[in-house]
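[1] The sequence isn't on hand, but the structure is:
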């Protein structure tokens, strides 16, 4: 039986080690890799995207709230992503699911819960904490924005993330190693797909998905 390939993405080495140890206590044969930032994650998947599950933190270098999840779901839609976060708010759980997460594991969870959640997702299900299932609010507006954001290409998502950081076209072009004309084209496409008229409105829409 082939090993289950899991990628842990968190900027705290001690938590990555704790999560690795918790997963290793389960029954599955695991091949666990680690990344400490979104850029490291992107580089890892660019070299080898053979992965059965990504466990993704919400707060780390290169990631603003749910932007890392948005990027992964656009670039690698076939890889399930489970958010592992210190945030314990039903609204964050709902936004994660709206954006295509396969689960949400609070960092306060014990080993048994973590194993249960991972096994449920690997089996094709969706796992959230019991309290989230009781409190999960309906949010049609967020779901609509999530669908629109999901239509963006990976590069457009990166541009949107940089717009949210307040970067100018020139700065974005330098960071992505493309021309300013290319950035302008991306921005125009982003506005069209999000159904907004300005960069400011695009940032506001993206911010509604962050929730942090």
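    Arrived safely, thanks for sending. Predicted model only: the values in this text are computed from it and were never measured.

[2] Look up phi and psi at the most centrally placed residue in the chain.
    By CA atoms, centre = their mean, the chain has its centre lying nearest to residue 69, at 1.4 Å. The phi and psi values for residue 69, taken as degrees, to the nearest 10, are phi -70, psi -40.

[3] Without its sequence neighbours, what residue ends up closest to it?
    Counting by CB to CB, 6 or more residues apart in numbering, the nearest residue to residue 69 once its immediate chain neighbours are dropped is residue 99, at 5.3 Å. Where C-beta positions appear, they are placed from N, C-alpha and C, glycine not excepted.

[4] what does residue 44 give?
    Nearest residue to residue 44, sequence neighbours excluded (CB to CB, 6+ apart): residue 35, at 5.5 Å.

[5] The one you found is in contact with residue 7, isn't it?
    Yes - the criterion here is CB atoms under 8 Å, and residue 35 meets it with residue 7 at 6.5 Å.

[6] ok, the residue nearest to residue 44 - how many residues close by?
    21 (other CB atoms under 10 Å).

[7] Use 848 as the first number for this chain going forward.
    That works, and once the first residue is 848, the last one we named lands at residue 882.

[8] bridging residues for it?
    In this entry, residue 882 is beta-bridged to residue 856, by DSSP bridges.

[9] quick one, what contacts it?
    Contacts for residue 882 (CB atoms under 8 Å, 6 or more residues apart in numbering) come out as 854-856, 888, 891.
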